[in-house]
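K.L.:
Next comes the sequence, and after it the predicted model I'd like to discuss.
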Amino acid sequence: MRIAERRELPPRYDASQLLIHAKIYMAADRYDVPGLKDLSNDKFKTACDIFWADR
């Protein structure tokens, strides 16, 4: 029997990721979910750094 290995691929960021994180942040703000708001803010910043570093 052959077992496939699961490899972790690095996250791929493009401009659409920026919009997704911004929309999640807005929803978290509207529904007062501070943990999700912080997480989406961190992910937005990371996506910005990666997206613009590739340019």
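P.N.:
Yep, that arrived.

K.L.:
CA atoms for contacts and neighbours, from now on please.
P.N.:
OK.

K.L.:
tally of neighbours for Val33?
P.N.:
Using other C-alpha atoms under 10 Å, Val33 has 12 neighbouring residues.

K.L.:
Equivalent analysis for Ala47, please.
P.N.:
21.

K.L.:
For stretch 14-34, could you pull out the residues that count as buried?
P.N.:
17-18, 21-22, 24-25, 28 (16 or more other C-alpha atoms under 10 Å).

K.L.:
And the furthest pair within these?
P.N.:
For the buried residues of stretch 14-34, the farthest-apart pair by C-alpha to C-alpha is Gln17 and Ala28; their separation is 16.4 Å.

K.L.:
ok so, going back, okay, and which of the buried residues of stretch 14-34 map to helices?
P.N.:
Using DSSP state H, the subset of the buried residues of stretch 14-34 located in helices is 17-18, 21-22, 24-25, 28.

K.L.:
Mind listing residues that contact the worst-scoring helix or strand of the chain on mean pLDDT?
P.N.:
Least confident helix or strand, the chain: helix 34-53 with a mean of 91, by mean pLDDT, DSSP states H and E. Helix 34-53 is contacted by residues 13-15, 17-18, 21-22, 24-26, 28-29 when judged by C-alpha atoms under 8 Å, 6 or more residues apart in numbering.

K.L.:
cutoff 7 Å now
P.N.:
13-14, 17-18, 21-22, 24-25, 28-29 (C-alpha atoms under 7 Å, 6 or more residues apart in numbering).

K.L.:
Kindly report the same for stretch 15-26.
P.N.:
Residues contacting stretch 15-26 (C-alpha under 7 Å, 6+ apart): 37, 40-41, 43-44, 47.

K.L.:
switch to 10 Å and redo it
P.N.:
Outside stretch 15-26, the residues within contact range by C-alpha atoms under 10 Å, 6 or more residues apart in numbering are 27-34, 36-48, 51-52.

K.L.:
Alpha carbons only: can I get it in PDB?
P.N.:
The C-alpha trace of stretch 15-26 is given here as PDB (Å, rounded to 0.1, in the frame of the first residue of the first chain):
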ATOM      1  CA  ALA A  15      -5.000  41.200  -4.600                       C
ATOM      2  CA  SER A  16      -8.200  39.300  -3.900                       C
ATOM      3  CA  GLN A  17      -6.900  38.200  -0.500                       C
ATOM      4  CA  LEU A  18      -6.700  41.900   0.500                       C
ATOM      5  CA  LEU A  19     -10.400  42.400  -0.300                       C
ATOM      6  CA  ILE A  20     -11.400  39.200   1.600                       C
ATOM      7  CA  HIS A  21      -9.600  40.200   4.700                       C
ATOM      8  CA  ALA A  22     -11.000  43.700   4.600                       C
ATOM      9  CA  LYS A  23     -14.500  42.400   4.200                       C
ATOM     10  CA  ILE A  24     -14.100  40.000   7.100                       C
ATOM     11  CA  TYR A  25     -12.700  42.900   9.200                       C
ATOM     12  CA  MET A  26     -15.800  45.000   8.400                       C
END
